[in-house]
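generate a structure from the sequence data that follows.
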Amino acid sequence: MDQLILAAVELPLLSDIVVIFGLATLVILLFMRLKLPTIIGYLLTGAIAGPYGLSLVDASTAVEVLSEIGVILLLFVIGMEFSLKNLMAIKKAVFIGGSLQVILTIGVTTLITYAFGFDWNIAVFFGFLFALSSTAIVLKLLQETGQINTLSGRTTLAVLIFQDIIIVPFVLFTPMLAGETENILLSLAFMALKGGLVVLLTILSAKYLIPQLLYRIAKTRNEELFLLSIIVTCFAVAYATSLLGLSLGLGAFLAGLIISESEYSHHATGKILPFREIFLSFFFVSVGMLFDVSFLFEHIFIILLLVTLTIVVKFIITALAVKSIRSTFKEAFIVGFSIFQIGEFSLLLAKEGLKYELLDAITYQYFLAISVMTMALTPFILKKREDLACRVLNIPVPAPIKARFGDREDIPTVELTDEMLTDHLIIVGYGLNGRNLARAAKRASIPYVIIEMNPETVRKEAAKGEPIIYGDAANAVVLEHVHVHRARVVVIAISNHDATQGIIVNIRHHSQNAFVIVRTRYVNEIEAMLELGADEVIPEEFETSIEIFTRVLNKYLVPRGEIEDFTHDVRVRNYEMFRAISNDQPSGIRLDLPEINFAGLKIEKDSGSFIGRPIKDINLRERTGINVVAIKRDGKTKTDITGDTKLKLGDVVYVVGKPEALERFEEEVGIN
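Prediction:
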């Protein structure tokens, strides 16, 4: 009987998992064909399978539990890729920028909601709901685009961290707003004490406990044990913080921070990522299941108006909050276009509001519609956030206002002479590629100027005398300042795809003569860059692949000239990915891979037919098929091999020959 009851409990969840993953596979496949964000596909899957769609899923509570695990694993991975040192570096953004964003959003939302006729306590509760953004969606998108460690990415993360922290007081205040009699001040003081204890334990664990534990586990070389220890650390810290009344997500982030301080963080991240992706998909599906599509269509105009109002208000407030920590307006606008949506923790808080009757059923559906639509818009807006930020920056503003509120960076000015800005090279971005290019230009006496967005880099390099200016190359004023119309070559050496496209468009608006060379990450981005006006596009992944196969062919002793001809032909063919050499070789080029290896073999015998005798007397080449190239003896390498050279115990002999010949020789001189 117990087994039948257990089967009845398990089978609905199992069938729901099959339905969710099966439907999600079809939807995501369609979205990939249409080049739409997969997150929207998961939301659509939930809407179709949920109670307001085809009602294909029964165990919705179990799905929510699985989705909570996905959020935990996401924040855990973010914590592992971050570090306590990085967190301390953005503490100003966390506590000043984050607190201002939350407080201002609550205040403005409360006023707007109160103006719509709601009671003040409900208006404040709406402020709580709209102050939070989606950590799960935003951080996932930033990770996928490689922007989590950019200046705007770190600021975005800082604000989201504060939002995850502030959810705890929000939950405590909710009963008070509903008229429950609780000593909220005492609860908050107690919570602050517990929060301080958690932070202290996190620092101690990261410094002393976890590195030693992981070291001992890694020594066992047991991958299952290593994975188990990582999972236990994640959920143990998350569970401990939940017992203290803090959020599970915050605990998971702290667990990731603890592991990030060890040298095993990258290996641990690789182990966790597959699990994170699976469980995180449940989160997006569960959000989609809450969405009543029929309610959306019935009230579409009101909902669209509220969605627009939400995006505009949150964007302005976030931009002001980020600007208050001395960020540039561009960075502030980028962050504003990143966290304009309603967050997953708001959905959890809304359920608390339903329980305490702060929300009725109709208001709750309005809130869900706004939340899901803002989440659905996030991938599209976040992808274009830099371009949108530049558009906002280029809006005409009266000069007095611009002078009063414009960016004021304490950046040293560099005097750019006419000689420097005639037939010159413009380098956009001063990372590794930009630095190497500047070094080469200086050696070749080519006049050049650098445009860089990192104020610290500009200050440091300007002090060294580098012709570098602070600015955004997508800004028309900056390009005019470096006389782009006089430049012979412009090299865009940044890794941001969207920003690069904006820069190309601006360059072509001012100059059709400059030769524009673009660095990009992937081959599939080449065509779009060329269509916008780039003359040459260098994809990193392709150049890396050329370097790899060049070294491989070198190891197979292919003549250097043939390798150079082959790589030249590949590049000339407009960066087509290399084809199978045996089936589609470039015309006129044949790569014969000789069966010859180069090896270093140690003499481990003190006697034998090859030991202690001159090479000319033992007919080494005829008997074994190998040639001796060099001998390393007593720490010195001897390359002048003659017929009188003898092989001795302890020598390292460098020989060339076919694999079977090397094997025969090793059997003669080594220990079997």
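
just the strands in the stretch 401-550 of the chain please.
425-428, 448-452, 468-470, 489-492, 515-520, 536-539 (DSSP state E, counting those that start in this stretch).

right, and those strands - which one's nearest Val372?
Each of the strands of the stretch 401-550 of the chain has some distance to Val372 by C-beta to C-beta; the shortest is strand 515-520, at 33.8 Å. Where C-beta positions appear, they are placed from N, C-alpha and C, glycine not excepted.

hang on, the earlier thing: now the strands of the stretch 401-550 of the chain in JSON lines, with mean neighbour count, distance to Lys140 and mean pLDDT?
Below are those laid out as JSON lines (neighbours: other C-beta atoms under 10 Å; distance: least, C-beta to C-beta, whole Å; pLDDT from 0 to 100):
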{"stretch": "strand 425-428", "mean neighbour count": "25", "distance to Lys140": "29", "mean pLDDT": "92"}
{"stretch": "strand 448-452", "mean neighbour count": "25", "distance to Lys140": "29", "mean pLDDT": "90"}
{"stretch": "strand 468-470", "mean neighbour count": "22", "distance to Lys140": "31", "mean pLDDT": "82"}
{"stretch": "strand 489-492", "mean neighbour count": "24", "distance to Lys140": "27", "mean pLDDT": "91"}
{"stretch": "strand 515-520", "mean neighbour count": "22", "distance to Lys140": "23", "mean pLDDT": "88"}
{"stretch": "strand 536-539", "mean neighbour count": "19", "distance to Lys140": "25", "mean pLDDT": "83"}
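
now render these as JSON lines, adding distance to Leu553.
What follows is those, written out as JSON lines (distance: least, C-beta to C-beta, whole Å):
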{"stretch": "strand 425-428", "distance to Leu553": "33"}
{"stretch": "strand 448-452", "distance to Leu553": "35"}
{"stretch": "strand 468-470", "distance to Leu553": "40"}
{"stretch": "strand 489-492", "distance to Leu553": "29"}
{"stretch": "strand 515-520", "distance to Leu553": "25"}
{"stretch": "strand 536-539", "distance to Leu553": "21"}
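
can you give me the helices in the stretch 451-600 of the chain?
With helices called from DSSP state H, counting those that start in this stretch, the stretch 451-600 of the chain shows them at 455-463, 476-481, 497-510, 526-532, 540-555, 560-572.

turn those helices into CSV, columns for distance to Leu320 and mean pLDDT.
Below are those laid out as CSV (distance: least, C-beta to C-beta, whole Å; pLDDT from 0 to 100):
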stretch, distance to Leu320, mean pLDDT
helix 455-463, 20, 79
helix 476-481, 23, 78
helix 497-510, 23, 82
helix 526-532, 33, 83
helix 540-555, 37, 71
helix 560-572, 49, 70
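
return the most buried member of the ones you listed.
Most buried of these by mean neighbour count (mean count of other C-beta atoms under 10 Å) is helix 497-510; its value is a mean of 20.

which strands and helices sit next to that one?
helix 385-393, helix 476-481, strand 489-492, strand 515-520, helix 526-532 (3 or more C-beta pairs under 8 Å, 6 or more residues apart in numbering; DSSP states H and E).

who's in contact with that helix?
Contact with helix 497-510 is made by 145, 383-387, 390, 428, 473-476, 479-480, 484-485, 490, 492, 494, 514, 516, 518, 520-521, 525, 528-529, 532-534, as judged by C-beta atoms under 8 Å, 6 or more residues apart in numbering.

how about stretch 629-649?
So stretch 629-649 is contacted by 598, 600, 603-606, 610-616, 628, 650-656, 669 (C-beta under 8 Å, 6+ apart).

and that stretch, C-alpha only, in PDB?
Extracted in PDB, the C-alpha atoms of stretch 629-649 (Å, rounded to 0.1, in the frame of the first residue of the first chain):
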ATOM      1  CA  VAL A 629      69.800  14.600 -33.900                       C
ATOM      2  CA  ALA A 630      71.200  15.700 -30.500                       C
ATOM      3  CA  ILE A 631      72.300  14.300 -27.100                       C
ATOM      4  CA  LYS A 632      71.700  15.900 -23.700                       C
ATOM      5  CA  ARG A 633      74.400  14.800 -21.200                       C
ATOM      6  CA  ASP A 634      75.300  16.400 -17.800                       C
ATOM      7  CA  GLY A 635      72.800  19.200 -18.400                       C
ATOM      8  CA  LYS A 636      74.300  20.200 -21.700                       C
ATOM      9  CA  THR A 637      72.900  19.500 -25.200                       C
ATOM     10  CA  LYS A 638      75.300  18.400 -27.900                       C
ATOM     11  CA  THR A 639      74.100  18.800 -31.500                       C
ATOM     12  CA  ASP A 640      77.400  18.100 -33.400                       C
ATOM     13  CA  ILE A 641      76.800  14.400 -33.700                       C
ATOM     14  CA  THR A 642      79.600  12.500 -35.500                       C
ATOM     15  CA  GLY A 643      80.300   8.900 -36.300                       C
ATOM     16  CA  ASP A 644      82.600   8.700 -33.200                       C
ATOM     17  CA  THR A 645      79.800   9.800 -30.800                       C
ATOM     18  CA  LYS A 646      78.900   7.200 -28.200                       C
ATOM     19  CA  LEU A 647      75.700   6.600 -26.200                       C
ATOM     20  CA  LYS A 648      76.100   6.400 -22.500                       C
ATOM     21  CA  LEU A 649      73.900   5.600 -19.500                       C
END
